[in-house]
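> Quick one, what's the 3D model for this:
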Amino acid sequence: MNILILSWRGPGHPQAGGAEISTHEHAKGWVKAGHKVTLFTSYYPNSKKQERVDGIYIIRRGNQYLDVHMQAIWWYIFGNHPKFDLVVDQFHGIPFFTPFFVRAKKLAFIHETAKEVWSLNEFPPPFNFFVSIFGNILEPLIFAFYKKIPFMTVSDSTKNDLSDFGINKQNVMVIHNGVYVPKISEKKEDKTTVVYLGVLTRDKGIETALEVFQRLQERIEDIKFWVVGKGNERYVRFLKSKADSLRITDIKFWGYVDETEKFRLLSKSHILINPSIKEGWGIVVIEAAAMGTPTVAFSVPGLKDSIINGKTGYLSKKLTAEGLASKSFELLEDDKKLASMRNNAVSWSKRFSWEKSSAQSLNLINKLVIGVKF
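Below you'll find the model as predicted:
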């Protein structure tokens, strides 16, 4: 097959996250199976406008905010490109509206619906207010155009959200994200270590993580904190200033780290804090689990799918820093429970692999193209 994927971000993008990793892994599996895959995505500073990565032909045009959507529509309608058997329309708040201009078979790929995340957008005032208002109004309307399009998603939580927006559950296939686990085995730090891993943005909850750190520091004398992930320089300066104002004494901002270092740090940490208010799945949760590191998170979509509450981590029903801090303290003070969760987390992580996930998505797209319902 000749497959086109439309996505707002692609490999190498400085703000690429779990959704982009997932898209790339599925595409790699399709290429390995003999299909041709083209990814049309946004351009970022110093990136190549065209290149091939892991067998995937990548075209980059426009910026990630709506510009890439307009560029994709223009290119598809008027550009010089081969005929595609399948077009994958990836949602990230705003989709590519393929029902209006694509006649080929279509698959909508979504990790999470935006809902409450609209209010945490990073646009400056007053634009952030308007984006929040219009996003919450428009999102339910957008799905009205996709009621006849099959969906692929990563969790039952997102499947339920899609149902809330009028998408028939029988038209939604759940394929969990996988994980690659390098052969790394580090001893846990002698000093209790709590880690945050993820992009440094408001919607991922990094500011809440700092407030959790402060509360844990007040309750546990010998403790340190690691912040692992990238963010824009101005926001990182703000976060460091906030950490100072909260008088967090032993904290290190690692910034971006490569895959090997990421897993090494996870392996050495005692628990992972994930204060996101909404996820599609939570790849970092499974990555931490593979390293024997339980996660403490909010009981929200995505995270309540990737964490077994009380077995591979704790979920806080209180969506506050105090709620996460209380659950974290409870776990860190119970050595027997922590050891049990570490073992459970490792066992849980072994259920997920990209080979398994891409095989499932390959079966799905084969059925779609030949017209078999799933």
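
> All the helices of this structure, residue numbers only.
18-32, 67-78, 127-142, 156-164, 206-219, 233-245, 259-268, 283-290, 303-306, 321-332, 335-349, 354-370 (DSSP state H).

> least reliable of those helices going by mean pLDDT?
Here the lowest mean pLDDT among the helices of the chain goes to helix 127-142, at a mean of 72.

> residues in contact with stretch 284-293?
Outside stretch 284-293, the residues within contact range by CB atoms under 8 Å, 6 or more residues apart in numbering are 18, 177, 179, 181, 184, 195, 197-198, 262-263, 266-267, 269-272, 274, 294-295, 297, 303, 306-307, 312-313, 342-343, 345-346, 348-350, 352. From N, CA and C alone the C-beta is placed, and that goes for glycine too.

> mind running it again at 7 Å?
Residues from elsewhere that reach stretch 284-293, judged by CB atoms under 7 Å, 6 or more residues apart in numbering: 179, 181, 197-198, 263, 266-267, 269-272, 274, 295, 303, 306-307, 312, 342, 345-346, 348-349, 352.

> how far is it from where the chain is centred?
Stretch 284-293 has its C-alpha centroid displaced from the chain centroid by 14 Å (CA atoms, centre = their mean, to the nearest Å).

> Domain map for this structure?
Using automatic domain parsing, the domains assigned to the chain come out as 2-178+353-370, 192-349.

> Return the most buried member of those domains.
Sort the domains of the chain by mean neighbour count, taking mean count of other CB atoms under 10 Å, and domain 192-349 sits at the top with a mean of 20.

> Any idea how far that domain is from the middle of the chain?
Counting by CA atoms, centre = their mean, domain 192-349 is centred 15 Å from the centre of its parent chain.

> same question, stretch 148-160
The chain centroid and the centroid of stretch 148-160 are separated by 15 Å under CA atoms, centre = their mean.

> can you list the residues that contact that stretch?
22, 99, 106-113, 162, 167, 169, 171-177, 280-281, 301-302, 304-305, 361, 364, 368.

> Sketch out the low-pLDDT regions of the stretch 1-150 of the chain for me.
Low-confidence segments of the stretch 1-150 of the chain, defined by pLDDT under 70: 115-124, 127-136.

> and with 80 instead?
Applying pLDDT under 80 to the stretch 1-150 of the chain flags the ranges 114-137.

> Next up, the contacts around residue 137.
Applying CB under 7 Å, 6+ apart, no residues qualify as near residue 137.

> try residue 276
Residue 276 neighbours (CB under 7 Å, 6+ apart): 204, 205, 303.

> now it: how far from residue 114?
Distance, residue 276 to residue 114, by CB to CB, to the nearest Å: 13 Å.

> before we move on, the earlier item: which among the helices of the chain is found nearest to residue 53?
Closest to residue 53 of the helices of the chain is helix 18-32 (CB to CB; 7.8 Å).

> Name the residues that touch stretch 347-359?
25-26, 28-29, 175-180, 286, 289-290, 308, 312.

> now, among these, which is nearest to residue 83?
Lowest distance from residue 83 to the contacts of stretch 347-359 (CB to CB) belongs to residue 26, with 21.4 Å.

> Not including adjacent chain positions, what is the nearest residue to that closest one?
residue 361 (4.7 Å; CB to CB, 6 or more residues apart in numbering).

> surely the one you found meets residue 175?
Yes: using CB atoms under 7 Å, residue 361 is in contact with residue 175, at 5.5 Å.

> mind listing the strands for the stretch 51-200 of the chain?
56-60, 86-91, 105-110, 151-153, 172-174, 192-197 (DSSP state E, counting those that start in this stretch).
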